[in-house]
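S.K.: need a 3D model of the sequence below.
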Amino acid sequence: MSKPIKVALAGAGAFGIKHLDGIQNIDGVEVVSVVGRELDKTREVATKYGIPHVTTDLAESLALPEVDAVILCTPTQMHAEQSLQALKAGKHVQVEIPLADSLKDAQAVVDLAKQTGLVAMCGHTRRFNPSHQWVHQKIAAGEFNIQQMDVQTYFFRRTNMNALGQARSWTDHLLWHHAAHTVDLFAYQAGSPIVQANAIQGPIHKDLGIAMDMSIQLKAASGAICTLSLSFNNDGPLGTFFRYIGDTGTYLARYDDLFTGKDEQIDVSKVDVSMNGIELQDREFFAAIREGREPNASVAQVLPCYQVLDKLEKQLNAA
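M.R.: Modelled structure (predicted):
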């Protein structure tokens, strides 16, 4: 058996925990360092998962010679800078979505990854959810072509809280984070670049400084269209819900679950080795490192998504 891949994880919050849970199911991978903003809370996480090294300084983790790769689950505004830092330290990197909050920064990461030859991947989890994989396989087999995607991304986040109901140290963003999932998935599933994009947004929140509601329209070169509604004001069912309308059927994806247009559940349990999209994302990252290849959702592959987001941001700022 080849030697274990030793990993540092930065960001011991809600999403970092999801990665740690997923990695526990992956053979040949060992988390040896965890980085967090608050030392005591980070130590608690390290103790629970048996991680020997704890720090509040990413540079300290990157300096560990045994660390092969780093997973970044830190605030959006730090993603690009920390990805560059990891690559410069000679470490493979998986950064959670979004890759950056500007096209310039996203391009910088793509350029450095190409120069170093290291594996650099972004957490576009929808590519890995079994529900979306099932649809992708049907498309690849020529059995289904998208005519329209209708997507709702809804949360209730009028105060700055994370997925665990804890106060956040940073502000989330509908365009550069939540829209990124759908913009990338639409082009990926359509197998066609986005050639038209339009966006409108609601009022800017007086305290958070972000738009709480947004609507986006996309068109692919294939002719497929996508309508995306996003809100942090939705006091109801939370999450992202996808309706695929195609030439041979309609499918509803709710995270890792999939249904027909008549709400009949489709068994996707045999699509991959796990029903956990985050775990499957991590498996791809580590497999790419072992096999010396480009991963699905490499930073280069997802760059077109950030080019679209950049155009949409400019459009919104000019409105």
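
S.K.: in the chain, which helix is the longest?
M.R.: Taking DSSP state H as the assignment, the helix of the chain that covers the most residues is helix 299-318.

S.K.: elements contacting it?
M.R.: Contacts defined by 3 or more C-beta pairs under 8 Å, 6 or more residues apart in numbering; DSSP states H and E place helix 299-318 against helix 103-116, strand 120-123, helix 180-190, strand 194-201. For the C-beta atoms, the positions are set from N, CA and C on the backbone; glycine is no exception.

S.K.: what comes up buried for that helix?
M.R.: Residues 299-303, 305-313 are the ones in helix 299-318 that count as buried (16 or more other C-beta atoms under 10 Å).

S.K.: can I get the residues you listed in TSV with distance to residue 43 and pLDDT?
M.R.: As requested, the buried residues of helix 299-318 are arranged in TSV below (distance: C-beta to C-beta, whole Å; pLDDT from 0 to 100):
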residue	distance to residue 43	pLDDT
299	31	98
300	37	98
301	36	98
302	34	98
303	37	98
305	36	98
306	35	98
307	41	98
308	41	98
309	36	98
310	39	98
311	44	98
312	41	98
313	39	96
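
S.K.: in a markdown table: these, plus distance to residue 130.
M.R.: Converted to a markdown table, these look like this (distance: C-beta to C-beta, whole Å):
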| residue | distance to residue 130 |
| --- | --- |
| 299 | 24 |
| 300 | 25 |
| 301 | 20 |
| 302 | 20 |
| 303 | 26 |
| 305 | 21 |
| 306 | 26 |
| 307 | 28 |
| 308 | 26 |
| 309 | 26 |
| 310 | 31 |
| 311 | 31 |
| 312 | 29 |
| 313 | 32 |
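
S.K.: quick revisit: with just CA atoms, put the longest helix of the chain into PDB.
M.R.: Output of helix 299-318 as PDB, limited to C-alpha atoms (Å, rounded to 0.1, in the frame of the first residue of the first chain):
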ATOM      1  CA  VAL A 299      -9.400  25.400 -10.500                       C
ATOM      2  CA  ALA A 300      -8.800  25.600 -14.300                       C
ATOM      3  CA  GLN A 301     -12.000  23.800 -15.000                       C
ATOM      4  CA  VAL A 302     -14.100  26.100 -12.800                       C
ATOM      5  CA  LEU A 303     -12.600  29.400 -13.900                       C
ATOM      6  CA  PRO A 304     -15.300  30.000 -16.600                       C
ATOM      7  CA  CYS A 305     -17.800  30.100 -13.700                       C
ATOM      8  CA  TYR A 306     -15.900  33.100 -12.200                       C
ATOM      9  CA  GLN A 307     -15.700  34.800 -15.500                       C
ATOM     10  CA  VAL A 308     -19.500  34.700 -15.600                       C
ATOM     11  CA  LEU A 309     -19.800  36.000 -12.000                       C
ATOM     12  CA  ASP A 310     -17.400  38.800 -12.800                       C
ATOM     13  CA  LYS A 311     -19.700  39.900 -15.700                       C
ATOM     14  CA  LEU A 312     -22.700  39.700 -13.500                       C
ATOM     15  CA  GLU A 313     -21.100  41.700 -10.700                       C
ATOM     16  CA  LYS A 314     -20.200  44.500 -13.200                       C
ATOM     17  CA  GLN A 315     -23.800  44.400 -14.500                       C
ATOM     18  CA  LEU A 316     -25.200  44.700 -11.000                       C
ATOM     19  CA  ASN A 317     -22.800  47.500 -10.000                       C
ATOM     20  CA  ALA A 318     -23.700  49.500 -13.100                       C
END
